[in-house]
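Enquirer: generate a structure from the sequence data that follows.
(chains A and B)
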Amino acid sequence: MSLEFEQYRAPVGGYDEVIGSDGVPRAGWKTVARALGALDPAVLLERQRQTNRLLDAEGTGHLVHELTLATDRHGHSAASRSQSHPWRLDPVPFVLESAEFDRLAAGARQRMRAIEALLVDCYGPRRLVAEGVLPPSLLHSLHGFRPALGSPVIQRWLVHYAVDLARDAAGVWRVVQDLTDAPSGLGYALLDRSAFARVVPDAVRAVGAAAIGDHADLLRRALTAAAPAGRASPRVVVLSAGPADPTYIEHSYLATRLGIHLVEGADVVMRAGRLWLRVLDGLEPIDVVYRRIDDPHLDPLEPAHHGGGAGVPGLVWGARAGGVSLANGYGSGVAESCELAALLPDTTQVLLGETLLLPALEPGRPLATSPVFVADGTQPLEARPVVLRLQLTCVGGEIMVMPGGNGRVLAPGDQPGTPTSQLAKDVWVVGGRPAARPPVVAAPQVDFASSVPKRVADALYWLGRAAERAEVAARAARVVSVQLDQDPMLLALADGAWGAATFAMLRAAQGAPSSSLPSGLPLGDALNDELAATTAAAAVQLASLVQEASSVREYLSTTTGRVLGRLARAHAQIVDQQAPADELDIVLVDLAALSGLAMESTVRGPAWRFLDLGRRIERSLAVLGSVEAALGLAVPQLALQPVADAVLSANESLVAYRRSYRSDVDLDAVLELLLRDDANPRSLAYQLDRLREHVAGLGWADGVALVQAASVESIAAVHSNAVNGRRVSLDSYVLAVRAPLLQLADAIVHRWFADPVNPTIVRGQ
Amino acid sequence: MSDGFTTAHLSPRPTNWQQVVSVDLRIDPEPDELEHTLDQFGNAVTQFAVHRPHTSLVVDSTIVVDVEVPPFFDTDVTWESIAAEAAAAEGWLATEVGPYLAHTPQTPALPELATLTVPVFTPGRTIADAISGLCQRIYDEFQYDAGFSDVTTPLATVLAERRGVCQDFAHVSVAALRSVGVPARYVSGYIETEPLPGEPKLVGVDASHAWCSAWAGASGGWVDFDPTNNQMPPLRHPTVGWGRDFDDITPVRGVVIGPSGSQSLVVAVDVTAID
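Expert: Numbers count the residues shown, from 1 in each chain, chains lettered A, B, ... in the order given. Below you'll find the predicted structure:
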């Protein structure tokens, strides 16, 4: 069996997870090695690439970690990229024998009970103080100590707990740290396993690694059970700080997996002692908050708050009064202090009458090693320490340990509590009998299809608008540059009339104010400058699009996630000016895929309606903008053909035009196709029909009236009256349609989306 | 603003030298939610919320207290034996004094505190002398400067610049005492300021005030002193409550929600003697 590990050299003298002191692979590893096959570096690299792609599709990679995007909703500020890189999954798993896992699980379970008892005591009777174990001055010095006002109602402090363990070089498992406030890693563990199981499904099955997916159901049951007494069908939400949080992907993934809403501070509000979700049509009650915001950032009303105005004002007050349950309780984080951890042996003795099973890891103690795949290392498998994170959930008084988890690889010089290598291992518990699957009890849950948080509708609406703007800019730039490449003589046509019209169309596609051609610059240069500006504008819209999508990831399919990943990369290439010449074509294909997914893979609920409202409004404005810019100019008949081609192509209607009108260009026919032909999915009339359906579907009378106002019937003879070189009747038509559309866009924001929520702290003497 | 949440420590608590005659707290607009409770130190806390649009929030608190000037404190007990007594405290006593030995973010154990404590806490000095020495030294060395600090100014800055306001001097006193092992409370309250001779007393010129209370052992109890005014005992000081630091006993802490805009807090306090 040693053959599989001939590439791996375990260090001499210390414990190694795979190679025993006799130099032979350990028993549990034999089956694993056989199942994984030859550990050829090329195979491992390919497996890592495959898992990376799967993880990226969930958004763990590029969407959030590589791209820190900063644009406002009008796409004005520039996008920037951060240097942080996403975590990756080691293609070699971490293997635990089930007997050993059982011992660790027993120790972790005891530790969760001991910490629960510690929290009950610190915030309650304080026996530890009375018995001299815990000096009160120490307790009151701890930064995480949050004594409550009055007599709080706390059913349970720890619903979810995680513990980091490392094996020392002598082979003894020791505790690195406890995670009691808002433990992370459960979602990553589930994600890692699902990716791993798809890359090497046979291996996972052959080895019989214990399944971990049930733990998500356990967590949901635990959270539901944590609801205040007497709530018939409790609603649970995941509370997140939003896409800026480094573990946001996990929040989003868990929300999807648990089938509960992911909310941010601005999505909820305290009223009458209860917590409420701001949905499209009012407020809906929330019973349990699975909080993934650590307590210094949870509630700005609390004196210990550090996060400016972020958080939910009054949440701690509401939880203390029993109106809403926090999982974990406010103040649980105090148990993460090293001072209390040091007292845990005595605490366990006093409060539980037990001897603490798992010893602590002292600083500097050498650790055991594991084979770690390092793609760019000197040897493919290096010996590195791995810190194991176990996940525990308390369901109705019973503590369940997930048989698996994630291992975090330490880079040389890392502290065990803060690994920097961004490399994770899937943890396989092997050799046990398959656990009897706990019966899955369908927790009574509210149907979320109809209740959409205002912020989500808001983000989807702007996502729709950004997608459309990106497409308009990309297509305009592509159309004009292709026309120019094919026929450079167009610049000279009719005294530059084609150039002036397409210049105006590019300005409109950027959403830039119209301006006359810059004087003193050759027309070709002016157009090239404008083409570059339009491409840059498309990139800014791509950034907005990805940014909006990041905050509503759980509403989008996995395939959509992949397309967004591609668009994020395209954005980076355009910004870095490393985009190949046909990059915009690829972007257009991806945008088409995105819009297709929105039509074909999204449930037609209110969420989809707002996404589509954004698209339809933007497309209406874009059609009007291009028509006004290019056809509002009374170009000579000589230049009309290429100008009309440009406008038709920019609106993806050239083919339709040629099929319907096999004649020379006819302005009336062009306008008919672009503005009034409700069978053309790119026409204004088609967009107005969709808008009409949406506002009617929302039962929104003001919206119905505004769409009606935008449905202007007649276009007076556009040829007849050119004044100062412009077709004034076309201009006045555009104005008449655009005004109510812009009003509709404003009205949507005011009627349906959250009022700006900017909690501000005021305090003083 | 469309929504506002407030936590207030405005109701005075009874002490050995203070009886609370009446408390009248009026809030305008009328709160939608209101709760009176006690904090972990036994101070009265009022939490309230207003959930409708309002442009101002007025908290008008009228308090009538009967305050005696505490007797002049003196003792033969040295500060070292007080520190030893505090360190050895067990059971109920440990719970009573322990929290006030804690170093909190607002009262950290800074090495720079030695510039105050080394000259003051000399070997064998009585606790009474040491407290009054500390009070005098802060009064002499620190300049009162209302524009220098706000509620977020760290203690290190106050120590380095030797200036601040009453709450800074209270924090300095508390941190200095705790650094030598003597339990100390941060006390929040008011002070009656006297007009200049011949001038009428103006209404609302006063602000809320803060000072320090040091533990002088089970026999001596808690001894208040006001380093801002170099008074020991304090003479015209109605007490609201106490804690480890300002965060524990912030008079008013609020969160307002609404379109961003400037928020301003105006505090006017009028303390008048009733004959």
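Enquirer: for residue A:459, what are its contacts?
Expert: Contacts for residue A:459 (CB atoms under 8 Å, 6 or more residues apart in numbering or on different chains) come out as A:548, A:549, A:551, A:552. Using the backbone N, CA and C atoms, a C-beta is placed for each residue, glycine as well.
Enquirer: what ranges does the stretch 201-350 of chain A have for its strands?
Expert: For the stretch 201-350 of chain A, the strands defined by DSSP state E, counting those that start in this stretch cover A:236-239, A:261-263, A:268-271, A:274-279, A:282-286, A:288-291, A:325-327.
Enquirer: and the fifth one, which strands flank it?
Expert: Based on DSSP bridges, the strands next to strand A:282-286 in the sheet, each with its direction, are strand A:274-279 (antiparallel).
Enquirer: also the third one?
Expert: In the sheet containing strand A:268-271, the strands it pairs with under DSSP bridges are strand A:274-279 (antiparallel).
Enquirer: coming back round to it: out of the strands of the stretch 201-350 of chain A, which is closest to residue A:480?
Expert: Proximity of the strands of the stretch 201-350 of chain A to residue A:480 was assessed by CB to CB; the nearest stretch is strand A:261-263, lying at 41.5 Å.
Enquirer: now do the helices in the stretch 101-250 of chain B.
Expert: Remark: helices assigned in the stretch 101-250 of chain B by DSSP state H, counting those that start in this stretch are B:114-120, B:127-141, B:155-161, B:166-179, B:217-220.
Enquirer: for chain A, what's its nearest residue on the stretch 51-200 of chain B.
Expert: Closest contact between the stretch 51-200 of chain B and chain A, by CB to the nearest CB, is at residue B:98 (2.5 Å).
Enquirer: still on that earlier bit, secondary structure for the contacts of residue A:459 - can I get that in a markdown table?
Expert: Formatted as a markdown table, the contacts of residue A:459 follow (DSSP: H, G, I helix; E, B strand; the rest coil):
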| residue | secondary structure |
| --- | --- |
| A:548 | helix |
| A:549 | helix |
| A:551 | coil |
| A:552 | coil |
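Enquirer: mind putting those residues into a markdown table with neighbour count, distance to chain B and pLDDT?
Expert: Below are these laid out as a markdown table (neighbours: other CB atoms under 10 Å in any protein chain shown; distance: CB to the nearest CB, whole Å; pLDDT from 0 to 100):
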| residue | neighbour count | distance to chain B | pLDDT |
| --- | --- | --- | --- |
| A:548 | 25 | 21 | 87 |
| A:549 | 27 | 26 | 88 |
| A:551 | 24 | 20 | 83 |
| A:552 | 23 | 23 | 85 |
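Enquirer: give me the domain ranges for chain A.
Expert: Domain ranges of chain A: A:88-212+A:336-430, A:454-752, per automatic domain parsing.
Enquirer: how about the residues of the stretch 351-500 of chain A near chain B?
Expert: Nowhere does the stretch 351-500 of chain A come near chain B, counting by CB under 8 Å from any CB of the partner chain.
Enquirer: low-confidence bits of the stretch 351-500 of chain A, can you list those?
Expert: Applying pLDDT under 70 to the stretch 351-500 of chain A flags residues A:377-378, A:434-450.
Enquirer: one step back: is it possible to get JSON lines of the strands of the stretch 201-350 of chain A that adds mean neighbour count and mean pLDDT?
Expert: Shown next, in JSON lines, are the strands of the stretch 201-350 of chain A (neighbours: other CB atoms under 10 Å in any protein chain shown; pLDDT from 0 to 100):
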{"stretch": "strand A:236-239", "mean neighbour count": "25", "mean pLDDT": "96"}
{"stretch": "strand A:261-263", "mean neighbour count": "25", "mean pLDDT": "92"}
{"stretch": "strand A:268-271", "mean neighbour count": "22", "mean pLDDT": "92"}
{"stretch": "strand A:274-279", "mean neighbour count": "20", "mean pLDDT": "93"}
{"stretch": "strand A:282-286", "mean neighbour count": "17", "mean pLDDT": "91"}
{"stretch": "strand A:288-291", "mean neighbour count": "26", "mean pLDDT": "96"}
{"stretch": "strand A:325-327", "mean neighbour count": "27", "mean pLDDT": "96"}
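Enquirer: in a markdown table, list those strands along with distance to residue A:667.
Expert: Formatted as a markdown table, the strands of the stretch 201-350 of chain A follow (distance: least, CB to CB, whole Å):
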| stretch | distance to residue A:667 |
| --- | --- |
| strand A:236-239 | 55 |
| strand A:261-263 | 51 |
| strand A:268-271 | 54 |
| strand A:274-279 | 48 |
| strand A:282-286 | 50 |
| strand A:288-291 | 60 |
| strand A:325-327 | 65 |
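Enquirer: who wins for proximity to residue A:452 among the ones you listed?
Expert: strand A:274-279 (6.1 Å).
Enquirer: what's next to that closest one, contact-wise?
Expert: For strand A:274-279, contacts defined as CB under 8 Å, 6+ apart pick out A:235, A:237, A:261, A:263, A:266-270, A:283-286, A:289, A:312, A:315, A:318, A:323-324, A:451-455, A:754.
Enquirer: for the residue of chain A found nearest chain B, give me its contacts.
Expert: Closest residue of chain A to chain B, CB to the nearest CB: residue A:136 (2.5 Å). When contacts are counted by CB under 8 Å, 6+ apart, residue A:136 touches A:126, A:129, B:94, B:95, B:97, B:98, B:99, B:101, B:102.
Enquirer: thought residue B:96 was touching the second one, still the case?
Expert: No. Counting by CB atoms under 8 Å, residue A:129 sits too far from residue B:96 to count as a contact (11.0 Å).
Enquirer: quick one: which of those two has more around it?
Expert: Applying other CB atoms under 10 Å in any protein chain shown to residue A:129 and residue B:96 shows that residue A:129 carries more neighbours, namely 20 against 16.
Enquirer: and the more buried one, what element?
Expert: Applying DSSP states H and E as the criterion places residue A:129 in helix A:127-130.
Enquirer: just how off-centre is that helix within its chain?
Expert: With CA atoms, centre = their mean, to the nearest Å as the basis, helix A:127-130 stands 45 Å off its chain's centre.
Enquirer: read off the pLDDT value for the closest residue to residue B:161 other than its chain neighbours.
Expert: Excluding the flanking residues, the one nearest residue B:161 by CB to CB, 6 or more residues apart in numbering or on different chains is residue B:148, at 6.9 Å. We have a pLDDT of 86 for residue B:148.
Enquirer: same question for residue A:79.
Expert: As summarised for this prediction, residue A:79 has a pLDDT of 40.
Enquirer: can you confirm residue A:164 is in a strand?
Expert: Yes. Per three-state DSSP, residue A:164 lies within a strand segment.
Enquirer: now the element after the strand or helix carrying residue A:477, going C-ward?
Expert: Residue A:477 belongs to helix A:454-486 when elements are defined using DSSP H and E. Heading C-terminal from helix A:454-486, the first helix or strand you meet, by DSSP H and E, is helix A:497-510.
Enquirer: pLDDT on stretch A:52-59, on average?
Expert: Rounded mean pLDDT across stretch A:52-59 is 73.
Enquirer: for the spatially closest residue to residue B:89 that is not a sequence neighbour, give me its contacts.
Expert: Among residues not flanking residue B:89 along the chain, residue B:97 sits closest, at 5.5 Å (CB to CB, 6+ apart). By CB under 8 Å, 6+ apart, the contact list for residue B:97 reads A:136, B:86, B:89, B:183, B:215.
Enquirer: hmm, who's touching the strand or helix carrying the second one?
Expert: Yep, that's residue B:86 we're talking about. Element membership for residue B:86 (DSSP H and E) is helix B:79-88. For helix B:79-88, contacts defined as CB under 8 Å, 6+ apart pick out B:97, B:101, B:121, B:123-127, B:130, B:180-183, B:215-218, B:220.
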